[in-house]
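1. sequence and predicted structure are below.
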Amino acid sequence: MTQISRITVMTGLFVMPATLAFSQEAPAAPAPPAQPSPWRTPRPARPVAIAPFDDFDVPMPPMPPMAPMAPMPVMPPMPVMPVMPPMPPMPAMAPMAPMGPMALLAPMPPLPAELADFDFLAFQETPRAARVYVGVEGARAKAEVRRAQDNDERYYRSGKSYLDRKEYDKAVDAFNRVIEDKGSRSDGALYWRAYAQNRLGKREDALASLAELQKSYPSSRWLDDAKALSVEIRAQSNQPVSPESATDEDLKLMALQSLGNSDPERSVPMLEKLLKSTNSPRLKERALYVLAQIHSQKSKELLAEVAKGGSNPDLQAKAIEYLGIYGGRDNLQLLVDIYKSSNDVRMKRSILNSFMVSGSRENLLAVAKSESNPELKIQAIQLLGNVGGSSDLAQLYTADASPEVKRAIIQGLFVSGNTDKLIELAKSEKDDSLRHTAINQLGVMGRSKTGPALAAMYSQETNADNKKSIINALFIQGNAPALVEIARKESDVNMKKTIIQQLSVMHSKEATDYLMEILSK
């Protein structure tokens, strides 16, 4: 190595450490201790220039050895609990002497004359309370009977529908529900259950159902059809049965569907023969349907004959239904005559429905005025609302004093859309419960029609329950402005809470503004 190279290397060895020493920054002064914070702060980053003497470069001094701990003193043993001495036996109690016979109580003296009117002293129910109790129980019993009748009707119709779809197992289950209730449809359900059982191949069960029908209902109008079905089942006893295969009845049903379209006039004698034969009621119902669509004098006479009750109740009800559908003065007069001569409530219900279908307001009004049966009267009133008898209902309301009938009239006015009469009743009716019914009906008739009237009658209403009904009616309409206006004027704290509770779930700007106004006070 040359001398110049040696000088250069030696110079670098001395200059480089000095340059590095002067280029490093001085350590920063420690920051003052920060106040403790409930929030966690990030740890500051380590400075780029690390001090030459860091913690991990300095060795920690060795810890002095710990002095040995003195041994813990031994706990003395716990003293043994003394044994309790046994308790001495209790002496036997002497037997109690038998009680002598009690003396008879003397009869209570009669109440003084001045206390004879106070029935509560003798723990007796007041005559008025007894009447109220009997009235409530009577209404409850009527409601239960009506509910049972509706259930029977629903299951009966379901069974007939299953028969049409050839779901005979489901039909048997539906008719069993009717038979168990032993209502007015039980005899017909027994017949149709036997019919379905025969289609399933259960001929013994079918004959047993028919025998039960004859035994339990000896005066039933289903007996002729039951005898015909019984003969048919016994005649088929030696033949194999396949419910899925087509039978003579299925072929006849298919022929009837096309019979009315091919030659209606020539088919009338054949339909008459089918209706008067021993064929099944299902086939007769289809024949009656075809007959009702043939507008001839002979077909009308046959339909009228069946409607008067010349066959089973199901076929009669179908004839009444068809008379109402096709209408006409002669058909309606025939229905009026049948209604007056019949004592069957179910048939009369069918006739009322036919009056409604045909739009016969006059006949429904006549029944509503003259019918003595409350249920039929109420049904006529309700159906009167469906055919636009609004003015007739308003007249009936002033003429009838029964609360049940008046309530039905209010419902009829609602169906007919007579808001003016309902507003009048909600304001002027003296009976609180009837006013309550009118208010509830107004609540679902549209905000623009009834909203202002409901809001105006709130201040005039004295019954607390009816005031709540008005609040609920306005809530159903979504009428937040009216509720806010009522709440501003309401001085009753509980009633105001009810209004605010309704406003709190209405999601309306007026309701939200009012709630914010309350919170800012």
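-> Here it is on my side, so go on. Residues are numbered from 1 along each chain as shown.
2. show the contacting residues for residue 458.
-> Residues in contact with residue 458 (Cβ atoms under 8 Å, 6 or more residues apart in numbering) are 467, 470-471, 486. Backbone N, C-alpha and C define where each C-beta goes, glycine included.
3. ugh, typo on my part, it should be residue 441
-> Listed by Cβ under 8 Å, 6+ apart, the contact set of residue 441 reads 410-411, 413-414, 422.
4. element containing it?
-> Secondary structure assignment for residue 441, by DSSP states H and E: helix 432-443.
5. which one of the contacts of residue 441 is nearest to residue 375?
-> residue 411 (14.4 Å; Cβ to Cβ).
6. sorry, back to before: and the helix holding residue 441, which residues are buried?
-> 434-443 (16 or more other Cβ atoms under 10 Å).
7. save those residues as TSV, and put in distance to residue 207 too.
-> Output for the buried residues of helix 432-443, formatted as TSV (distance: Cβ to Cβ, whole Å):
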residue	distance to residue 207
434	56
435	60
436	56
437	53
438	57
439	59
440	54
441	54
442	59
443	57
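8. which ones are touching residue 388?
-> 361, 416.
9. on the three-state scheme, it is what?
-> Three-state call for residue 388 (DSSP: H, G, I helix; E, B strand; the rest coil): coil.
10. gap between the residue nearest to residue 518 when sequence neighbours are not counted and residue 410?
-> Nearest residue to residue 518, sequence neighbours excluded (Cβ to Cβ, 6 or more residues apart in numbering): residue 500, at 7.4 Å. Separation of residue 500 from residue 410 (Cβ to Cβ, to the nearest Å) stands at 30 Å.
11. these two: which is more packed in?
-> residue 410 (26 against 17; other Cβ atoms under 10 Å).
12. quick one: that one and residue 436 touch, right?
-> No: at 10.0 Å, residue 410 and residue 436 do not qualify as touching, with contact defined as Cβ atoms under 8 Å.
13. tabulate the contacts of residue 458 in a markdown table, adding columns for pLDDT and neighbour count.
-> Below are the contacts of residue 458 laid out as a markdown table (pLDDT from 0 to 100; neighbours: other Cβ atoms under 10 Å):
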| residue | pLDDT | neighbour count |
| --- | --- | --- |
| 467 | 91 | 21 |
| 470 | 92 | 25 |
| 471 | 92 | 25 |
| 486 | 91 | 21 |
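14. endpoints of stretch 383-400, how far apart?
-> 17 Å (Cα to Cα, to the nearest Å).
15. check contacts around residue 421.
-> Neighbour list for residue 421: 390, 393-394, 397, 413 [criterion: Cβ under 8 Å, 6+ apart].
16. make it 10 Å
-> Residues near residue 421 by Cβ atoms under 10 Å, 6 or more residues apart in numbering: 390-391, 393-394, 397, 409-410, 413-414, 438.
17. now do residue 303 against residue 317, distance only.
-> 13 Å.
18. could you give the average pLDDT over stretch 144-158?
-> Averaging pLDDT along stretch 144-158 yields 81.
19. what sits up against it?
-> 170-171, 173-186, 188-189, 192, 314, 345-346, 349, 375.
20. just the buried positions in that stretch, please.
-> 149, 152-153, 155-156, 158.
21. return the member of these nearest to residue 360.
-> When the buried residues of stretch 144-158 are compared for distance to residue 360 (Cβ to Cβ), residue 153 wins out at 23.2 Å.
22. could I get the phi/psi values of the closest one?
-> phi -60, psi -40 (degrees, to the nearest 10).
23. residue 491 now?
-> Residue 491 adopts backbone torsions of phi -100, psi -20, taken as degrees, to the nearest 10.
24. quickly note the distance from residue 478 to residue 508.
-> The value you get for residue 478 to residue 508, if Cβ to Cβ is used, is 7 Å.
25. buried subset of the contacts of residue 421?
-> By 16+ other Cβ under 10 Å, these give 390, 393-394, 397, 409-410, 413-414, 438 as buried.
26. which one of these is nearest to residue 336?
-> Comparing the buried ones among the contacts of residue 421 against residue 336 with Cβ to Cβ places residue 393 closest, at 20.8 Å.
27. check which helix or strand covers that closest one.
-> helix 390-399.
28. hang on, the earlier thing: mind putting the buried residues of helix 432-443 into CSV with distance to residue 368 and pLDDT?
-> Shown next, in CSV, are the buried residues of helix 432-443 (distance: Cβ to Cβ, whole Å; pLDDT from 0 to 100):
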residue, distance to residue 368, pLDDT
434, 18, 92
435, 22, 92
436, 23, 92
437, 18, 92
438, 19, 91
439, 24, 92
440, 22, 90
441, 19, 90
442, 23, 90
443, 26, 88
